[in-house]
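**Q** build me a structure from this.
(one chain, ligands or ions: 2)
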Amino acid sequence: MKYIIAPSILSADFGNLQRDIEMINQSEADWFHVDVMDGVFVPNISFGFPVMAAVKKHAKKPLDVHLMIVEPDKYIQEFAQAGADRITVHYEACTHLHRTIQLIKAAGCKAGVALNPHTPVTLLQDVIGDLDLVLIMSVNPGFGGQQFIHNTYKKIQDLKHLIQGVNEDLVIQVDGGVGLQNIGTLVSAGANAFVAGNAIFATDDPAETISKMKSLTAN
Ligand code: DX5
Ligand code: ZN
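**A** Ligands and ions are numbered 1, 2, ... in the order given. Okay, the predicted model is just below:
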């Protein structure tokens, strides 16, 4: 099993973004996690295409784009052109989720759906075979540095059941409050991709923290 570490650049120092991107390039991280927030779907605004383009210019690893925006269909093509390898939209933001998933794939990207803490995984039953990734939010989306919600473990197990015999290669990603203290338990529960912002960037040696996270997935 390959485990993925995806540092969230939301927690990077935007005044030194190139430095932080190079740190990720040189680290054992697998993907760049790019959090796009619109101030409507979530109560915060992060960044959009100009920052995304700057990241793409320097990043040597895939861009995992997490869209916390309403009406994502309008922008999928543009995010794909801006260099997204994976695009994850929120279940709660998509009235026609099946169409949105097909749009992501038609744009040449891997397709993911994110679930807020209150959204049960069973709601994905009829699209699960079409997905490359499900992102289980372990905090309410909008901000870095929040506390991990414990019910996430149960949701990972529910998702494991849902994909059995249907889509066992699906990536089970967890985002929010993930760090050295819980990554091992999340691996045991069945998750295989981990987003971390604060737990990486608030440490003295972020590359070393990434390395530690990676080795905890191997135990
Ligand atoms: C939250 C974002 C996360 C966030 C995680 O809305 O989707 O990706 O950056 O930050 P930490 O790891 O600090 O909880
Ligand atoms: Zn995210």
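**Q** please make it C-alpha for all contacts and neighbour counts, starting now.
**A** Noted.
**Q** how close does the residue nearest to Leu17 when sequence neighbours are not counted sit to ligand 1?
**A** Once flanking residues are discounted, Leu17 sits nearest to Val55: 8.0 Å by Cα to Cα, 6 or more residues apart in numbering. Val55 sits 15 Å away from ligand 1, taking Cα to the nearest ligand atom, to the nearest Å as the criterion.
**Q** which of the three states applies to the most far-flung residue of the chain relative to its centre?
**A** Counting by Cα atoms, centre = their mean, the extreme residue of the chain relative to its mean C-alpha position is Gly165, 24.1 Å from that point. Secondary structure state of Gly165, per DSSP: H, G, I helix; E, B strand; the rest coil, is coil.
**Q** how close does it sit to Gly129?
**A** According to Cα to Cα, to the nearest Å, Gly165 and Gly129 sit 10 Å apart.
**Q** for this structure, which segments count as helices?
**A** 17-26, 49-58, 76-81, 97-106, 152-163, 183-189, 198-201, 206-218 (DSSP state H).
**Q** so which of these is the most surrounded?
**A** With neighbours taken as mean count of other Cα atoms under 10 Å, these reach their highest mean count in helix 198-201, at a mean of 22.
**Q** mind giving me the packing neighbours of that helix?
**A** If you count contacts as 3 or more Cα pairs under 8 Å, 6 or more residues apart in numbering; DSSP states H and E, helix 198-201 packs onto helix 206-218.
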